[in-house]
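[1] Below are the sequence and a predicted model; questions follow.
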Amino acid sequence: MTKPDLDDRLRAQRQSFDKIPIVDIGPLLDNSGVLGVAKEIRWALANVGFMYVKNHGLPAQLADETFAQARAFFDQPLEEKMKLHMVNSGVALRGYVEIFGENTDPTNTKDLKECFDIGPERPTLERPFFGPNQWPAALPGFRETVFAYHQAMKDFATKLLRGVALSLDLPRDFFDSRVTDPITYQRLLRYPTQSGRVEEKVIGIGAHVDYGSLTILTQDSVGGLQVMNREGVWVEGVPIAGTFVINIGELLQILTNDLYIANFHRVVNTSGRERYSIPFFIDADYDAVVEPLERYVSPSNPSRYLPVTCGKHKFKRFVKTFPHLERLDLEQ
Ligand SMILES: O=C(O)CCC(=O)C(=O)O
Ligand SMILES: [Fe+2]
């Protein structure tokens, strides 16, 4: 998606922001104040597209151990990492991607980051995003730790989607039937630091919007995530201990006919330290069709999107950002 092209009415409705709101989701998770949380989620996703969530109930140890494994993985020699390169996995899109191997804003920026990506485990390649993971054999505990994080995020995402459903005045279980075997995608990311004059041609991750439904991000204490506000100013997504950064992707923007915004963000790491982050993405079932909900379409607010199929939509986005995929001749 290019920069959100909002009509004047929606632009006027959105409030600007100079920081990303923090939502206490405790009362959603323990049912003590579900509607109050839904209201806060609605404000955040309609105006910012991002929120921090606190009181999420997940132990810090889960992320700490995953960060430790990420460090162990990336500290290996490049040739070791290249043995697990994503090209080996075909359209399952699992494994290692080296610095500049994925460019998220390909016409403007090269991404100064390396990644290791996993997803739902399948014994054989089924279709895009569904196949075997590539695990490093030499790192004790890596597979168990990283996959446990993925499973915990999957459960947590289901709970968050219930909050999102309520925030849209939909039944709490609205998303359940659309995420029975969803595309999920988890990355371990490492961003080298940059120094001197940083040109936008090379930054941690180029400006982009996410493609799916929800992104749940754990970042370390280094900082560098930036989110664009309505004036086009980059607002820092400063690390806040004990929180996740949550944002929506294009699928929820389409579903809500632009009520909720998949906002532009990027990473610029000039901290002097390496930055690690762990984004987890949940989309929907591969064949789920997403189109604007009737309740968000009216004669004065016509539908802005044609229906998209989740898996095809996401795969199309990946082809644009992974140079190696352009070389595959695929009819998906
Ligand atoms: O590393 C981060 O903080 C953000 C990563 C991101 O935006 C992405 O992977 O889509
Ligand atoms: Fe992103």
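    Everything's here; your move. Numbers count the residues shown, from 1 in each chain. Ligands and ions are numbered 1, 2, ... in the order given.

[2] From now on I want contacts and neighbour counts done on CA atoms only, so please keep to that.
    Fine.

[3] what about the strands in the stretch 51-200 of the chain?
    For the stretch 51-200 of the chain, applying DSSP state E, counting those that start in this stretch gives strands covering 95-97, 110-111, 114-118, 182-191.

[4] Mean pLDDT, distance to Ile246 and mean neighbour count added to the ones you listed, as JSON lines?
    JSON lines is the format used below for these (pLDDT from 0 to 100; distance: least, CA to CA, whole Å; neighbours: other CA atoms under 10 Å):
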{"stretch": "strand 95-97", "mean pLDDT": "98", "distance to Ile246": "24", "mean neighbour count": "24"}
{"stretch": "strand 110-111", "mean pLDDT": "94", "distance to Ile246": "21", "mean neighbour count": "24"}
{"stretch": "strand 114-118", "mean pLDDT": "98", "distance to Ile246": "19", "mean neighbour count": "24"}
{"stretch": "strand 182-191", "mean pLDDT": "98", "distance to Ile246": "14", "mean neighbour count": "23"}
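
[5] Turn those strands into a markdown table, columns for distance to Glu199.
    Shown next, in a markdown table, are the strands of the stretch 51-200 of the chain (distance: least, CA to CA, whole Å):
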| stretch | distance to Glu199 |
| --- | --- |
| strand 95-97 | 22 |
| strand 110-111 | 11 |
| strand 114-118 | 19 |
| strand 182-191 | 16 |
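
[6] Tell me which of those strands sits nearest to ligand 1.
    strand 182-191 (6.5 Å; CA to the nearest ligand atom).

[7] Can I get that closest one as CSV, trimmed to CA atoms?
    In CSV, the C-alpha atoms belonging to strand 182-191 read as follows (Å, rounded to 0.1, in the frame of the first residue of the first chain):
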residue,chain,number,x,y,z
PRO,A,182,-4.0,-18.6,10.2
ILE,A,183,-0.8,-17.3,8.4
THR,A,184,1.5,-16.4,11.3
TYR,A,185,5.0,-15.2,10.8
GLN,A,186,7.6,-14.5,13.4
ARG,A,187,10.9,-12.8,12.8
LEU,A,188,14.1,-12.4,14.9
LEU,A,189,15.7,-9.1,13.8
ARG,A,190,19.1,-7.6,14.4
TYR,A,191,19.9,-4.1,13.3
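
[8] oh, and call the first residue 15 from now on, that's how I've got it
    With 15 as the first residue, the last one maps to strand 196-205.

[9] Packing partners of that strand?
    helix 74-88, strand 128-132, strand 289-299 (3 or more CA pairs under 8 Å, 6 or more residues apart in numbering; DSSP states H and E).

[10] by contact count, what packs against the first one?
    Looking back up the chat, that one is helix 74-88. Using 3+ CA pairs under 8 Å, 6+ apart: helix 74-88 touches helix 156-181, strand 196-205, strand 289-299.

[11] who's the most centrally placed residue in the chain bridged to?
    Centroid-nearest residue in the chain: Thr229, 3.3 Å away (criterion: CA atoms, centre = their mean). Using DSSP bridges, the bridge partners assigned to Thr229 are Asn261, Phe295.

[12] where does Pro120 land on pLDDT?
    With respect to pLDDT, Pro120 scores 89.

[13] For the closest residue to it other than its chain neighbours, give me its contacts.
    What sits nearest to Pro120 in space, not counting adjacent residues and going by CA to CA, 6 or more residues apart in numbering, is Thr335, at 6.2 Å. Applying CA atoms under 8 Å, 6 or more residues apart in numbering to Thr335 gives the contacts 116-120.

[14] Please indicate which of those residues are buried?
    Buried subset of the contacts of Thr335 (neighbour count, 16 or more other CA atoms under 10 Å): 116-120.

[15] would you turn the residues you listed into TSV with distance to ligand 1?
    Shown next, in TSV, are the buried ones among the contacts of Thr335 (distance: CA to the nearest ligand atom, whole Å):
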residue	distance to ligand 1
Glu116	11
Asn117	11
Thr118	8
Asp119	11
Pro120	14
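
[16] What residues does the protein have near ligand 1?
    224, 239, 280, 291, 293 (CA under 6 Å from any ligand atom).

[17] any idea how far Leu339 lies from Thr123?
    18 Å (CA to CA, to the nearest Å).

[18] Distance-wise, check the residue lying farthest from the centre of the chain relative to ligand 1.
    What lies farthest from the middle of the chain is Pro313; by CA atoms, centre = their mean that is 32.6 Å. According to CA to the nearest ligand atom, to the nearest Å, Pro313 stands 34 Å off from ligand 1.

[19] ditto for Thr121
    According to CA to the nearest ligand atom, Thr121 and ligand 1 sit 17 Å apart.

[20] any idea how far that residue is from Glu305?
    According to CA to CA, Thr121 stands 28 Å off from Glu305.
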